[in-house]
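> Sequence and predicted structure, then a few things I'm wondering about:
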Protein chains: 2
Amino acid sequence: MGETRWLDDGEQQTWRAFLTAVNLLDGALDRQLRHDSGLPHAYYQILAMLSEAPGRELTMTRLARLLRSSPSRLSHAAARLEGEGMIRRFKRPDDRRTTIVEITPEGMKALESAAPGHVHEVRRVLFDTLSSEQVGQLREISESMLSALDPQGEEPRYPDPDGARYQD
Amino acid sequence: MGETRWLDDGEQQTWRAFLTAVNLLDGALDRQLRHDSGLPHAYYQILAMLSEAPGRELTMTRLARLLRSSPSRLSHAAARLEGEGMIRRFKRPDDRRTTIVEITPEGMKALESAAPGHVHEVRRVLFDTLSSEQVGQLREISESMLSALDPQGEEPRYPDPDGARYQD
DNA sequence: CAGAAATACTTGAGCGTTCAATTGTGTTGT
DNA sequence: ACAACACAATTGAACGCTCAAGTATTTCTG
């Protein structure tokens, strides 16, 4: 293996600033959501993703892929959310390995009530801090990273966009 | 409180891409570090920050501020790192509330051996995926977020830059 | 100078995430 | 048909982080 190519000053500073910003950012997001609605950000994302799905249901595997979550993590999360009545799980009859997760009306209510505060916080910590030019740049930067880090990554995109918009 | 201003399509897509990219990115980083050196990323950062400090020591409070860590988190981390012999803690004689943390030679060794793989990974997941123009943009974007989210934030910047560069 | 407040740090409980192992079910190859 | 394999999901232990509470020590204030 060759010599390590260390980060130069500019890279170092970029890296530090980026790391710090991201840390603060998702600390703020998680704190706001937990405080105002009792949901960790990851759990909010689960509900949000389900709310958009056709029939408001998805298989565990597909949901995990969409959220870039490990199956295990999703399974633990689903156990908690099911215990709180926000989702429901049942085996698919024609392939009994598969579990289908469905968001319940209760889950939808929790999501609807959490969404405004969350979106407000997303604006506060991200969009309000950037010019619209920077927002465009950030999008391209994020997509560059994504295509390098997760070439196979799935996106939702359903034929019928019926559901509400509590995405994040 | 007024009507919620929802994210428009562009904002939504930016936000999703950003969130996903960041998630994958620090998953990759943490996994690489843990696998190759047994250190979580946050612990690596502690050692890195100490290694750069004058005398390779800092107070707990100052270290926590530099890393944007809660005192509690740092205290737990320090307990583990001390148990592994990577740092040493002692009370400052003239203000016995204050604890000084010092990185040990063992800690330096661990850091030195972890650094090349880590830097390589940082390149792989971040710098290699971006054009140099994008790197510049990312830096400004990160600094915008920082100045909005953490106006008081401290930076290291010591008068005498003697230490090695295992920063991140 | 005593009491109150501020500062520095630590502790323990609770929780989400990870990793490795496990269970149950379907698919393939011979 | 049956063994081997692949796939979907779950489980439990380990661990780091958060939050609230607690202990020392120092500084401020009347």
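That came through fine. It should be emphasised that the depicted structure is a prediction, and the values quoted were computed from it without experimental measurement.
> Only C-alpha atoms from now on, for both contacts and neighbour counts.
OK.
> quick one, strands of chain A?
Under the criterion DSSP state E, strands of chain A are mapped to A:57-59, A:87-91, A:99-103.
> right, is the last one up against DNA strand D?
Yes - contact of strand A:99-103 with DNA strand D (C-alpha under 7 Å from any atom of the strand) involves A:99, A:100.
> quick one: average pLDDT of that strand?
Over the span of strand A:99-103, the pLDDT mean works out to 98.
> What is that strand packed up against?
Taking 3 or more C-alpha pairs under 8 Å, 6 or more residues apart in numbering or on different chains; DSSP states H and E as the contact definition, the neighbouring helices and strands of strand A:99-103 are helix A:41-52, strand A:57-59, helix A:60-67, strand A:87-91.
> between the third one and strand A:99-103, how many degrees?
Meaning helix A:60-67. Here helix A:60-67 points in a direction 60 degrees away from that of strand A:99-103 (axes from the mean of the first three to the mean of the last three C-alpha atoms, to 10 degrees).
> Does helix A:60-67 reach DNA strand C?
No - for helix A:60-67 and DNA strand C, the contact criterion (C-alpha under 7 Å from any atom of the strand) is not met; the two come no nearer than 10.5 Å.
> Need the pLDDT of residue A:160.
pLDDT, residue A:160: 52.
> about what we covered before: out of the helices and strands packed on strand A:99-103, flag the one nearest residue B:107.
Each of the helices and strands packed on strand A:99-103 was scored for nearness to residue B:107 using C-alpha to C-alpha, and the closest is helix A:41-52 (33.8 Å).
> Dump that closest one to CSV, keeping only the CA atoms.
Provided in CSV are the C-alpha atoms of helix A:41-52 (Å, rounded to 0.1, in the frame of the first residue of the first chain):
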residue,chain,number,x,y,z
HIS,A,41,-36.0,11.3,13.9
ALA,A,42,-35.4,7.8,12.5
TYR,A,43,-38.9,6.8,13.7
TYR,A,44,-40.5,9.8,12.2
GLN,A,45,-38.9,8.9,8.9
ILE,A,46,-40.4,5.4,9.1
LEU,A,47,-43.9,6.8,9.6
ALA,A,48,-43.3,9.4,6.9
MET,A,49,-42.2,6.8,4.4
LEU,A,50,-45.1,4.6,5.1
SER,A,51,-47.5,7.5,4.8
GLU,A,52,-46.5,8.0,1.2
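> Tell me if it is near chain B.
No - in this structure, helix A:41-52 remains apart from chain B according to C-alpha under 8 Å from any C-alpha of the partner chain; the gap is never smaller than 10.4 Å.
> pLDDT averaged over that helix - what is it?
Per-residue confidence for helix A:41-52 averages out to 98 on the pLDDT scale.
> starting at the chain centroid, how far to it?
7 Å (C-alpha atoms, centre = their mean, to the nearest Å).
> got the residues of chain A near DNA strand D?
Of all the residues in chain A, those lying near DNA strand D are A:27, A:31, A:59-62, A:71-76, A:78-79, A:89, A:97-100, going by C-alpha under 7 Å from any atom of the strand.
> now the residue sitting nearest the centre point of chain A: how far from residue A:143?
In chain A, the C-alpha closest to the average C-alpha coordinate belongs to residue A:45, at a distance of 4.3 Å (C-alpha atoms, centre = their mean). When distance is defined by C-alpha to C-alpha, to the nearest Å, residue A:45 is 19 Å away from residue A:143.
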